[in-house]
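Participant: Dropping a prediction and its sequence here:
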Amino acid sequence: MITRPTDWSTPITDDDVPEEGAPLSREWLVTNGLGGFASGTIPGIPTRRYHGLLVAALPAPLGRTLMLNHLREQLTTADGITVSLSEQETKNHKADLSGFRCLQSFHLEMGLPVWRYETGGVVWEKKLFLPYQQNTVHIRYQLISARSPARLTLHPAVHFRPQEASVDQMFVPVKDYVLSAHEDFYELRGGDFPPLRLRLQGRDAAFIDRRRCENIFFRLENARGYSAVGEYWSPGAFSLELQEGESVVFTASTESAETLRLLPPHEAYEVELKRRHHLLEMAPPCARSGVAGELVLAADQFIVTPAGRVQEAALAKASGEEIKTIIAGYHWFTDWGRDTMISLEGLTLATGRHHEARYILRTFANYVRDGLIPNMFPEHDKHGLYHTADATLWFFHALHRYLQVTHDQETLRAILPKLVSIVEHHLHGTLFNIRVDARDGLLYQGKEGYQLTWMDAKVNDWVVTPRRGKAVELNALWYNALQLLASWLDEEDPEQATALREHAGRARVAFNERFWYEQGGYLYDVIDGPQGVDTACRPNQIFAIALDYPILEPQYWPAVLQVVQSRLLTPVGLRSLARGHPEYKACYKGDLVTRDAAYHQGTVWGWLIGSFIDAWLKVNRNDLSAAKQFLTGFEQHLGEAGIGTISEIFDAEEPFMPRGCIAQAWSVAEVLRCLVKCGDADAQGSGAQHQ
């Protein structure tokens with residue numbers, strides 16, 4: 001049993017900004033394998049628009065939708081003391097924190113949150129989980145210890161809306177919510193959204209019709225410059241009395257009543273625990289405990305069957321396949337091609353989930369258009385957007401790593417014609433001016449107003465880091481893709497394989513002649529751009545060493561690695577820009593414009609640690625034991641921000657505050673991949689316990 005205890009010393013104060021201190025800065029996340037989730041702060045106070053107990057993954061055009069925003073939990077002891085176990089802040093009043101002061105412990109048990117409260121000799125425990133591939137949440141309350149019965153009262157609160165919508169947008173007027181009773185469920189309907197089914201399973205549970213509205217204040221939305229006051233509506237309250245040792249389960253779901261009756265909550269919980277234990281059993285031995293074991297469970301959050309693309313799923317099933325993809329990050333990202341391909345090895349191959357890797361690769365192969373895979377799938381659309389220059393090249397890398405593990409020649413044969421088409425499109429030119437320059441064989445990209453590389457911040461019409469021209473990592477990826485495709489064609493079409501190696505050879509010669517920045521002792525970030533060469537010291541150069549076919553000549557490796565290590569490396573990843581550059585930003589906070597101005601201008605990215613370690617091992621004789629030192633900073637981080645997972649980004653300077661998404665696929669994937677690569681069976685975090 002893997003557990004992640006969490007402790008905190010910083011109290012909640014009236015002026016507490018949740019970005020800066022515990023406990024409001026610590027969040028939990030549970031997902032359902034469809035892209036849906038439940039998430040909140042440890043004290044139960046919503047601070048983000050994305051916090052809710054059921055964010056259902058619904059078919060397009062609805063997408064992920066907040067269906068159950070909050071559950072106000074009140075405990076009344078026999079002597080008349082009432083404690084609010086979870087609250088929210090209203091527009092004019094701070095939350096009732098009595099319940100938080102009674103919170104004795106919070107921990108993750110096999111990745112699932114567990115709260116324990118104690119007041120006046122009464123001990124309560126709360127557990128929450130989402131059944132796999134269901135838009136359902138079950139919350140179990142148990143009266144662990146009490147001298148006399150205690151009463152539990154639950155007030156569900158809703159604001160049906162798309163998960164990313166501003167909190168002040170009303171998609172269903174309060175007067176249009178309709179509550180009705182159906183056998184053992186209550187149904188709450190509103191607008192064009194599916195009904196939300198509510199049930200409290202326990203002895204003598206009763207529902208009290210006490211409808212009310214509240215204006216809720218969201219601290220983190222306010223700190224990030226967004227609308228921060230929204231309206232919750234409650235249809236009433238469930239209430240019941242419990243004896244010592246008794247438990248009760250509250251359920252909210254958009255699934256049919258028949259589906260919910262098939263598997264009672266207590267059985268569903270056992271099934272989910274068995275599924276999670278099976279995930280650990282599938283992983284290699286070094287990833288069944290410690291930090292690696294925690295990350296195996298965290299990895300599961302990102303691998304999903306996309307609920308919105310019903311037609312594609314039906315076609316896949318008809319051919320004996322499944323449609324699978326990877327959510328880039330929680331709370332707000334959907335599936336992104338680039339993030340999926342970079343994450344695939346760590347999330348699936350390093351965890352033993354090879355069949356899902358196959359489904360993911362075949363899913364994206366079906367979306368190839370004009371020599372490109374999609375950059376992303378918008379939340380409310382069935383169709384992808386293709387504005388990316390690097391995602392398609394990462395596709396070759398992901399397929400290669402998959403084939404190394406599985407030797408699945410059937411999948412290679414199925415995808416190979418599309419890979420040939422991709423290279424031909426790049427050689428002759430495709431969308432967004434992505435093309436090979438016939439003069440030197442290097443790959444050029446760029447179109448005014450578009451951000452095509454992974455450094456893709458854009459605010460309105462401002463592309464913060466456009467990087468138009470010949471970008472260093474794109475050419476490293478291009479060379480790698482050419483060499484990989486040539487190796488796959490050696491037997492089937494040796495003449496074409498030879499031609500591809502000739503293209504690769506030309507690109508490599510030109511790369512080493514043109515990208516080496518002698519004065520700086522590292523590689524230019526972009527050449528042949530609107531302003532000529534870009535001398536900014538960025539982490540993108542590390543891919544010229546790290547990939548399986550490195551484009552950079554070995555004589556330059558030590559110098560490049562030394563610069564990256566001394567100027568960009570932190571305990572939680574690589575800075576996106578070195579100190580001293582005029583655009584360097586030490587901190588990622590403020591409103592959207594301020595944050596995006598810092599997004600790739602110094603901000604640390606956790607996922608880059610993987611390629612840094614790959615490059616470091618090539619220069620340092622594959623010293624796996626020493627390479628582990630670069631991962632130790634992530635151990636402490638598992639108890640910060642998103643508990644048990646890894647954030648998207650961090651501030652560029654100490655204390656390297658976690659920012660952005662609380663759970664990011666490629667951050668988890670690359671750290672986990674490197675832990676497995678290093679064979680770190682003893683990678684036990686300072687807080688992780690193993691039973």
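Facilitator: Structure's in. What do you need?
Participant: in its sheet, what does the strand of greatest length in the chain sit against?
Facilitator: If each strand of the chain is counted by residues according to DSSP state E, the longest one is strand 136-145. Strand 136-145 pairs in its sheet with strand 122-129 (antiparallel), strand 247-253 (antiparallel), by DSSP bridges.
Participant: Pipe the ones you listed into TSV and attach distance to residue 76 per row.
Facilitator: C-beta: built from backbone N, CA, C; applies to glycine. Conversion of these to TSV gives the following (distance: least, C-beta to C-beta, whole Å):
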stretch	distance to residue 76
strand 122-129	10
strand 247-253	14
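Participant: so which of those gets nearest residue 625?
Facilitator: Nearest to residue 625, of all those, is strand 122-129, at 37.9 Å by C-beta to C-beta.
Participant: what sits up against the closest one?
Facilitator: 30, 38, 53, 73, 75, 77, 85, 104, 109, 112-118, 137-147, 150, 268-269, 272 (C-beta atoms under 8 Å, 6 or more residues apart in numbering).
Participant: about what we covered before: next, report how far the next helix or strand along the chain from the longest strand of the chain is displaced from the centre of its chain.
Facilitator: Next in sequence after strand 136-145, counting helices and strands by DSSP states H and E, comes strand 150-157. Strand 150-157 has its C-alpha centroid displaced from the chain centroid by 32 Å (C-alpha atoms, centre = their mean, to the nearest Å).
Participant: Contacts for strand 150-157, please.
Facilitator: Among residues not part of strand 150-157, those counted as contacts by C-beta under 8 Å, 6+ apart are 68-78, 88, 122, 124, 141, 143, 188, 198, 200, 210, 214, 232-242, 248, 250, 252.
Participant: Starting from residue 150, give me the distance back to residue 553.
Facilitator: Computed as C-beta to C-beta, to the nearest Å, the residue 553 to residue 150 distance reads 72 Å.
Participant: repeat for residue 76
Facilitator: 7 Å.
Participant: neighbour count winner among these two?
Facilitator: It is residue 150, of residue 76 and residue 150, that has more neighbours when counted by other C-beta atoms under 10 Å, with 24 against 17.
Participant: which residues pair with that one across the strands?
Facilitator: The bridge-partner assignment for residue 150, based on DSSP bridges, gives residue 242.
Participant: Surely residue 653 and residue 587 touch.
Facilitator: Yes: using C-beta atoms under 8 Å as the test, residue 653 is close enough to residue 587 to be in contact (7.2 Å).
Participant: in the stretch 201-350 of the chain, which segments are predicted with low confidence?
Facilitator: Flagging of the stretch 201-350 of the chain using pLDDT under 70 yields the residue ranges 308, 310.
Participant: would you list every one of the strands in the stretch 251-400 of the chain?
Facilitator: Assigned by DSSP state E, counting those that start in this stretch, the stretch 251-400 of the chain shows strands spanning 303-304, 325-326, 329-330.
Participant: quick one: the last one to chain centroid distance?
Facilitator: Strand 329-330 has its C-alpha centroid displaced from the chain centroid by 3 Å (C-alpha atoms, centre = their mean).
Participant: same thing with stretch 486-502?
Facilitator: Centre-to-centre, stretch 486-502 and its host chain are 37 Å apart (C-alpha atoms, centre = their mean).
Participant: which stretches of the stretch 1-150 of the chain form helices?
Facilitator: Chain-ordered helices for the stretch 1-150 of the chain, with DSSP state H, counting those that start in this stretch as the definition, fall at 98-101.
Participant: Can you give me the separation between the most centrally placed residue in the chain and residue 572?
Facilitator: Of all residues in the chain, the one closest to the mean position by C-alpha atoms, centre = their mean is residue 329, 2.2 Å from it. For residue 329, the distance to residue 572 (C-beta to C-beta) stands at 16 Å.
Participant: how about residue 627, secondary structure?
Facilitator: Assigned state for residue 627: helix (three-state reduction, DSSP: H, G, I helix; E, B strand; the rest coil).
Participant: thought it was touching residue 617?
Facilitator: Yes: Residue 627 lies in contact with residue 617 (C-beta under 8 Å); the separation is 5.7 Å.
Participant: of the contacts of strand 122-129, buried ones?
Facilitator: Using 16 or more other C-beta atoms under 10 Å as the burial test, the contacts of strand 122-129 include 30, 38, 53, 73, 75, 77, 85, 109, 112-117, 137-143, 146, 150, 268-269, 272 as buried.
Participant: Give me the residue ranges of this protein where confidence is low.
Facilitator: Counting by pLDDT under 70, the chain has low-confidence residues at 7-22, 91-99, 308, 310, 382, 680-691.
Participant: So what does the residue in it sticking out farthest from the centre have for phi and psi?
Facilitator: Using C-alpha atoms, centre = their mean, the residue of the chain lying farthest from its centre is residue 79. It sits 45.1 Å away. In terms of degrees, to the nearest 10, the main-chain angles of residue 79 are phi -90, psi 10.
Participant: How much space separates residue 218 from residue 229?
Facilitator: Taking C-beta to C-beta as the measure, residue 218 falls 7 Å from residue 229.
Participant: overlap in contacts of these two?
Facilitator: Taking C-beta under 8 Å, 6+ apart as the contact criterion, the common neighbours of residue 218 and residue 229 are residue 167.
Participant: Between the two, point out the one with more neighbours.
Facilitator: The residue with more neighbours, out of residue 218 and residue 229 and counting by other C-beta under 10 Å, is residue 218; that gives 25 against 16.
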